[in-house]
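A.B. asks: Sequence plus the predicted model coming up.
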Amino acid sequence: QVQLVESGGGLVQAGGSLRLSCASSGRTFSNYAMGWFRQAPGEEREFVAAINRGVGGITYYADSVKGRFTISRDNAKNTVYLQMNSLKPEDTAVYYCAADLARTSVPTTRPEEYDYWGQGTQVTVSS
């Protein structure tokens with residue numbers, strides 16, 4: 001079992017920044033890839049960013065956030081982060097972190113391939 005707890009969401013003006021954190025417990029954190037997804041009201045859950053297991057040298061981003069968001073991991077703290085800069089109103093959503101326990105060398109962007117999910121944290125960007 002893996003438990004994931006997100007934090008860091010909130011209300012921010014357009015152009016501002018937030019850093020989301022996702023604390024993991026239950027298994028050896030460095031053994032699994034991590035991803036961030038988001039879901040806006042009435043929309044399907046969509047991929048945001050992912051980072052591979054280990055030291056996290058491989059990262060993927062959705063085109064909509066590339067250049068603005070950065071995913072990183074601190075294995076000593078069992079935590080994955082999502083630094084979000086230049087936020088836009090269309091970034092408003094509930095953000096979820098997820099863990100993929102498959103021992104693959106690259107992270108996946110497909111939500112169905114993630115094994116554990118956090119409860120989500122709300123991010124609201126005002127115009």
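C.D. replies: Cool, the structure landed.
A.B. asks: In this protein, what residue spans correspond to helices?
C.D. replies: Ranges of helices within the chain: none, based on DSSP state H.
A.B. asks: quick one: low-confidence ranges for the protein?
C.D. replies: Within the chain, no range satisfies pLDDT under 70.
A.B. asks: Next, the contact list for the residue positioned nearest the centre of it, please.
C.D. replies: Central residue of the chain (CA atoms, centre = their mean): Trp36, 2.2 Å from the mean position. Each residue near Trp36 by CB atoms under 8 Å, 6 or more residues apart in numbering is listed here: 20, 22, 48-50, 71, 80, 82, 95-98. Backbone N, C-alpha and C define where each C-beta goes, glycine included.
A.B. asks: Kindly reformat these as TSV containing neighbour count and distance to Gly42.
C.D. replies: What follows is the contacts of Trp36, written out as TSV (neighbours: other CB atoms under 10 Å; distance: CB to CB, whole Å):
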residue	neighbour count	distance to Gly42
Leu20	24	22
Cys22	25	25
Val48	25	18
Ala49	26	22
Ala50	26	24
Ile71	23	26
Val80	29	27
Leu82	27	23
Tyr95	23	16
Tyr96	23	16
Cys97	30	22
Ala98	25	21
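A.B. asks: Make CSV from these and add distance to Tyr116 to it.
C.D. replies: Below are the contacts of Trp36 laid out as CSV (distance: CB to CB, whole Å):
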residue, distance to Tyr116
Leu20, 17
Cys22, 11
Val48, 17
Ala49, 17
Ala50, 14
Ile71, 17
Val80, 12
Leu82, 17
Tyr95, 15
Tyr96, 10
Cys97, 9
Ala98, 7
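A.B. asks: Break down the chain into its strands, ranges please.
C.D. replies: 3-7, 10-13, 18-25, 33-39, 46-51, 59-61, 69-74, 79-84, 93-100, 116-117, 121-126 (DSSP state E).
A.B. asks: and of the contacts of Trp36, the nearest to Ser105?
C.D. replies: Ser105 lies nearest to Ala50 out of the contacts of Trp36, by CB to CB, at 12.7 Å.
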